[in-house]
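Asker: Predicted structure and sequence below. I'll ask about it afterward.
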Amino acid sequence: MGGGRKRGRTQRRHFKQGRENVWKHNPQRPPAGEGGEGREGNPSWQPFATENPAFEEYYKQIIPEEEWDDFMSMLRKPLPSTFRINASCQFFQDICSQLENDFRKSLETEVSDEHEEDAIRPLPWYPGNLAWHLNFSRMQLRRNQALESFHEFLKRENEVGNITRQEAVSMVPPLFLNVQPDHHILDMCAAPGSKTFQLLEMIHQSTKPALLPSALVVANDVDVQRCNLLIHQTKRMCTANLIVTNHEAQNFPGCNLAKFCSETCMDEAKLQRLEFDRVLCDVPCSGDGTVRKAPDMWRKWNAGMGNGLHRLQVEIAMRGMGLLKVGGRMVYSTCSMNPVENEAVVAEILRRCGDSVELLDISSELPELVCRPGLSTWKVRDRGSWFGVHEDIPRYRKSVISPSMFPSGKGSQDVEVNTDVVDADMKDSTDMGEEGEQERNTAIDDSNNGDSAKTEEKTEVDCESGEALTRYKKLNFTSTRTEHSDYPLHRCMRIVPHDQNSGAFFIAVLRKHSPLNEIQVVDGVKSEQSISKDKTGKLEEDLGSDKVSSEENIVPQQVVDNTNAVDGEQNGDMDSKSSKDKSSEDAKVIVKETEKAQAGTRDRRQQNQGRWRGVDPVIFFKDEVTIKSIVSFYGIKDSFPLEGHLVTRNPDTSHVKRIYYVSKSVQDVLELNIKVGERLKITSLGLKIFERQSSKEGSPCTFRLSSEGLPLLLPYITKQILYASAIDFQHLLQYRTIKFPDFVDAKFGEEASALLPGCCVVVLREGHQDIGSIATDPSAIAIVCWKGKTNLCVMLSPLDGEELLERISLRFGLKFPKLDKEKPNQEVTGSDEQPDCATEADDQPESKASDMEIPDAEA
Ligand SMILES: C[S@@+](CC[C@H](N)C(=O)[O-])C[C@H]1O[C@@H](n2cnc3c(N)ncnc32)[C@H](O)[C@@H]1O
């Protein structure tokens with residue numbers, strides 16, 4: 001069984017619409033360095049201003065003087081395109097060979113940069129030649145006629161999941177996770193999902209076909225819309241090993257059973273709490289390393305953007321550390337160049353975690369990647385001034401500019417809490433716009449923290465204390481003092497644009513050596529709390545994740561209401577298992593209720609709605625009658641594990657539309673989640689494997705196979721399966737509906753007509769001598785069809801069909817005659833024997849308000 005081996009899955013229109021490309025959508029402001037494209041017909045054309053004095057002043061402190069011109073000139077050039085091949089996809093070898101033997105040569109004459117020899121080339125540092133660099137910008141790809149077929153190739157393969165277009169530097173962090181096929185991985189801030197997809201590739205890549213890896217990826221994002229992008233992006237992978245959740249990463253639930261369960265419900269063999277071998281902490285950041293693809297950054301950038309995100313970044317990273325297993329690795333990354341978002345955060349993690357955590361030296365892990373060591377000294381900029389030590393920060397700004405932003409992390413105690421300032425800064429800085437490829441959330445703060453005169457005036461009015469007013473007038477103050485960090489921050493990795501014609505990125509790899517103790521974590525949290533009062537002056541008791549957070553829906557039901565009792569509970573940041581406090585007693589009450597609910601006494605409302613408003617509950621599908629009818633209709637072998645692996649999102653089993661398959665690793669998490677009262681807000685999971693299908697003719701089985709699930713199931717199907725010659729297979733893909741007598745191979749037509757009415761599988765026989773071995777062959781190509789009274793009809797999206805045709809012809813070197821779509825004697829439009837839905841059905845929600853999935857664009 002292999003996830004990720006499906007031929008493809010259409011990308012959703014929604015996804016594209018969500019991706020703002022600033023270069024593209026500003027015809028009045030074409031990109032610098034693109035030779036004036038976009039000028040036509042627009043006399044008032046102005047290029048993007050690729051200048052920002054505040055940015056320059058800031059980064060002159062960081063970039064060596066002798067490199068400054070190279071740095072700036074590279075930032076002003078559009079970013080070359082890059083993509084990665086999905087090594088777990090069925091056509092992986094075919095795609096590699098097409099790139100090497102076909103495009104690499106045919107594009108030679110189109111080289112656009114005189115310094116580059118190759119039109120396309122593998123990125124030298126990416127293992128296995130899986131990532132490729134194009135010597136063209138996106139704009140050139142779109143406009144250059146000679147590049148048209150290559151551009152089409154990129155678009156199509158990206159849509160079906162065989163490649164992923166992703167910025168080169170953004171591919172780096174997952175590589176440092178050293179992922180193994182049995183790892184449990186948490187991607188804390190995952191949307192839009194390029195790195196999640198990469199992680200899924202890694203876990204499936206090393207798994208044999210017809211086997212699922214034992215790994216698990218939990219991909220989380222706080223933003224519901226961006227979660228949709230994430231779901232859409234990862235759907236292309238067709239994996240049963242993924243759970244998508246929608247939480248604040250800093251409060252990600254630990255689901256610690258000990259806190260929720262009486263001893264009797266503890267089973268040593270089962271998962272006791274959520275913890276991960278690997279954590280990817282690709283936090284929200286200012287995103288100034290993406291300026292080459294998001295040139296609007298030039299206009300928006302100010303120093304306050306990074307300052308405003310620092311605290312959230314620390315909180316998220318600390319939560320990640322808490323959820324990491326001892327011995328595990330966490331990668332902290334940003335696409336910002338700002339040390340306040342980078343080295344300062346890493347130093348604060350080390351400070352809080354003490355000996356429990358080590359910053360790893362990864363300099364030799366990707367030897368071909370050109371990178372710089374992390375900084376050990378930096379200054380903090382606030383409102384036009386440079387500060388080298390926290391002590392120099394004016395009293396009223398100390399609530400905003402925290403000691404942890406400085407290299408030593410040391411601060412003075414005279415903190416005057418101005419909650420309005422704190423809240424505004426945080427709000428503005430996390431008011432994230434989608435920039436460029438939407439890789440990155442950018443913090444936009446035009447009105448606060450900036451370096452402009454306007455800011456100066458505004459804040460003068462805002463400030464109440466006389467001292468504040470006086471101090472504030474001292475703009476352009478520069479501390480003479482500087483600090484050095486005692487931590488080995490040089491082990492962090494900085495990727496700068498002018499080293500290898502890329503964007504900028506920051507990466508730090510941390511290993512957890514021992515459990516975090518309560519003091520380490522709580523001290524850290526307390527120090528944050530001391531300046532993190534809410535508007536009423538009340539301390540936020542948000543120590544973690546097993547609390548009911550503001551994002552949570554309170555379902556009017558006993559089980560959920562009671563969970564408020566654990567609000568102040570210490571969470572999985574601590575690995576201590578002995579927190580026998582009042583909250584754990586309270587939690588036991590909850591668990592009793594939860595157990596009752598499991599035993600069937602669950603309130604009807606919750607059963608229908610689940611814990612989370614707007615999100616369907618995850619229900620194990622146990623309807624034996626339906627399962628038996630599916631197994632018997634398709635002749636599914638006993639060796640295919642079904643029990644506990646099927647889930648739905650509809651509590652009303654008689655109306656289930658789709659059944660999803662989940663791996664054992666996902667199943668374990670789901671069971672834990674139920675035991676702890678559904679703390680995880682799961683927006684998507686599993687691989688759609690069966691789908692309810694009605695047809696006028698009727699079928700003994702009400703569920704058809706889904707294309708995504710077919711590769712997983714294929715080796716286990718013994719009935720309703722046919723083996724077609726290449727020409728008949730091609731005809732099916734091309735005409736989509738063919739009457740039995742019209743197949744070239746008459747025997748095949750007869751076999752088709754002898755099937756039971758309903759869903760069936762057609763496997764391409766080409767290249768196989770022994771039919772019996774085809775289904776277990778990883779290279780087997782099969783499609784889901786519908787057997788009607790007089791014809792066979794393909795149930796595959798047109799895009800997936802086209803892709804398959806292309807792949808078949810290349811793989812087998814078959815010269816298929818170019819046939820008219822309107823071939824005589826063959827019914828092109830659906831006959832009345834077709835099922836109600838003749839292509840891959842859109843994923844409509846089980847209950848309208850809740851499903852997070854988006855319909856296919858092409859279906
Ligand atoms: C840099 S982007 C992540 C990019 C992603 N890792 C990828 O490779 O496609 C940061 C993400 O963090 C999310 N985010 C912001 N604040 C968050 C929070 N408190 N908890 C979880 N996610 C958050 C944003 O919605 C955004 O999608």
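Answerer: Cool, the structure landed. Here the structure is a predicted model, which is why all the values come from computation and not from measurement.
Asker: so which helix or strand takes in Cys227?
Answerer: Element membership for Cys227, per DSSP states H and E: helix 224-235.
Asker: Report the secondary structure state of the residue lying closest to Ala168 once chain neighbours are set aside.
Answerer: Nearest non-adjacent residue to Ala168, counting by CB to CB, 6 or more residues apart in numbering: Thr82, 4.2 Å away. In this view, the C-beta of every residue, glycine as well, is placed from N, C-alpha and C. Assigned by DSSP: H, G, I helix; E, B strand; the rest coil, the conformation of Thr82 is strand.
Asker: quick one, what contacts Thr82?
Answerer: Residues near Thr82 by CB atoms under 8 Å, 6 or more residues apart in numbering: 123, 131-134, 165-168, 171.
Asker: Could you tell me how far it is located from Leu154?
Answerer: Using CB to CB, to the nearest Å, one gets 11 Å for the distance from Thr82 to Leu154.
Asker: thinking again about what came up before, now tell me which of the contacts of Thr82 the prediction trusts least.
Answerer: Across the contacts of Thr82, the smallest pLDDT goes to Leu134, namely 91.
Asker: ok, the residue nearest to that one when sequence neighbours are not counted - contacts?
Answerer: Closest residue to Leu134 apart from its sequence neighbours, by CB to CB, 6+ apart: Ser81 at 4.3 Å. Applying CB under 8 Å, 6+ apart to Ser81 gives the contacts 133-134, 136-138, 141, 154, 165.
Asker: and those as TSV, adding secondary structure and distance to Gly306?
Answerer: As requested, the contacts of Ser81 are arranged in TSV below (DSSP: H, G, I helix; E, B strand; the rest coil; distance: CB to CB, whole Å):
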residue	secondary structure	distance to Gly306
His133	strand	29
Leu134	strand	31
Phe136	strand	32
Ser137	strand	27
Arg138	helix	27
Leu141	helix	32
Leu154	helix	34
Arg165	strand	27
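Asker: Between the residues you listed, which sits nearest the ligand?
Answerer: Closest approach to the ligand among those (CB to the nearest ligand atom): Arg165, at 11.8 Å.
Asker: Can you get me a residue count around the closest one?
Answerer: Number of residues near Arg165 (other CB atoms under 10 Å) recorded here: 16.
Asker: That one reaches Asn158, doesn't it?
Answerer: Yes: using CB atoms under 8 Å, Arg165 makes contact with Asn158 at a distance of 5.3 Å.
Asker: buried ones in whichever strand or helix holds Gln730?
Answerer: Assessed by DSSP H and E, Gln730 sits inside helix 726-735. Neighbour counts over helix 726-735 (16 or more other CB atoms under 10 Å) mark 726, 728-735 as buried.
Asker: Same check on stretch 269-287?
Answerer: Applying 16+ other CB under 10 Å to stretch 269-287 flags 271-287 as buried.
Asker: For that stretch, list the C-alpha coordinates in PDB.
Answerer: Below are the C-alpha coordinates for stretch 269-287, written out as PDB (Å, rounded to 0.1, in the frame of the first residue of the first chain):
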ATOM      1  CA  ALA A 269       0.100  -0.600  24.800                       C
ATOM      2  CA  LYS A 270      -1.800   2.500  23.600                       C
ATOM      3  CA  LEU A 271      -0.700   6.000  22.900                       C
ATOM      4  CA  GLN A 272      -0.700   8.000  26.200                       C
ATOM      5  CA  ARG A 273      -0.100  11.500  24.900                       C
ATOM      6  CA  LEU A 274       0.900  13.300  21.800                       C
ATOM      7  CA  GLU A 275       4.600  13.600  21.300                       C
ATOM      8  CA  PHE A 276       6.600  13.700  18.200                       C
ATOM      9  CA  ASP A 277      10.000  12.500  17.000                       C
ATOM     10  CA  ARG A 278      10.300  15.500  14.800                       C
ATOM     11  CA  VAL A 279       8.800  19.000  15.000                       C
ATOM     12  CA  LEU A 280       8.900  21.600  12.200                       C
ATOM     13  CA  CYS A 281       8.400  25.000  13.600                       C
ATOM     14  CA  ASP A 282       8.200  27.200  10.500                       C
ATOM     15  CA  VAL A 283       6.800  30.200  12.400                       C
ATOM     16  CA  PRO A 284       4.900  33.200  11.100                       C
ATOM     17  CA  CYS A 285       7.500  35.900  10.500                       C
ATOM     18  CA  SER A 286       8.000  39.300   8.900                       C
ATOM     19  CA  GLY A 287       9.000  37.400   5.700                       C
END
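Asker: Is that stretch positioned near the ligand?
Answerer: Yes: with CB under 6 Å from any ligand atom as the criterion, the ligand is reached by stretch 269-287 at 282, 284.
Asker: and of the buried residues of helix 726-735, the nearest to the ligand?
Answerer: The closest of those, once distances to the ligand are taken by CB to the nearest ligand atom, is Leu733, at 32.7 Å.
Asker: Now for the closest one: which residues touch it?
Answerer: Contacts of Leu733 by CB under 8 Å, 6+ apart are 783, 794, 796, 801-802, 804-805, 808.
Asker: Checking the helix holding Cys227 against the ligand, do any of its residues make contact.
Answerer: Yes: under the criterion of CB under 6 Å from any ligand atom, helix 224-235 makes contact with the ligand via Arg226.
Asker: Please save the CA atoms from the helix or strand just after that helix in CSV.
Answerer: The helix or strand immediately downstream of helix 224-235 is strand 242-245, counting by DSSP H and E. Extracted in CSV, the C-alpha atoms of strand 242-245 (Å, rounded to 0.1, in the frame of the first residue of the first chain):
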residue,chain,number,x,y,z
LEU,A,242,-1.8,12.8,7.6
ILE,A,243,-4.0,14.7,10.1
VAL,A,244,-4.7,18.4,9.5
THR,A,245,-5.5,20.4,12.6
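Asker: hmm, back to that, mind listing the residues bridging to the residue nearest to Ala168?
Answerer: His133 (DSSP bridges).
Asker: The contacts of Thr82 also near the ligand: which ones?
Answerer: Applying CB under 6 Å from any ligand atom to the contacts of Thr82, none is adjacent to the ligand.
Asker: Among the residues you listed, which one sits closest to Ala49?
Answerer: When these are ranked by distance to Ala49 (CB to CB), Glu167 comes first, at 22.7 Å.
Asker: The closest one contacts Leu79, doesn't it?
Answerer: Yes: with contacts counted by CB under 8 Å, Glu167 reaches Leu79, the gap being 6.8 Å.
Asker: show me where the stretch 51-200 of the chain has strands.
Answerer: Here the stretch 51-200 of the chain has its strands, by DSSP state E, counting those that start in this stretch, at 80-85, 120-122, 131-137, 163-165, 184-187.
Asker: most packed of those strands?
Answerer: strand 184-187 (a mean of 28; mean count of other CB atoms under 10 Å).
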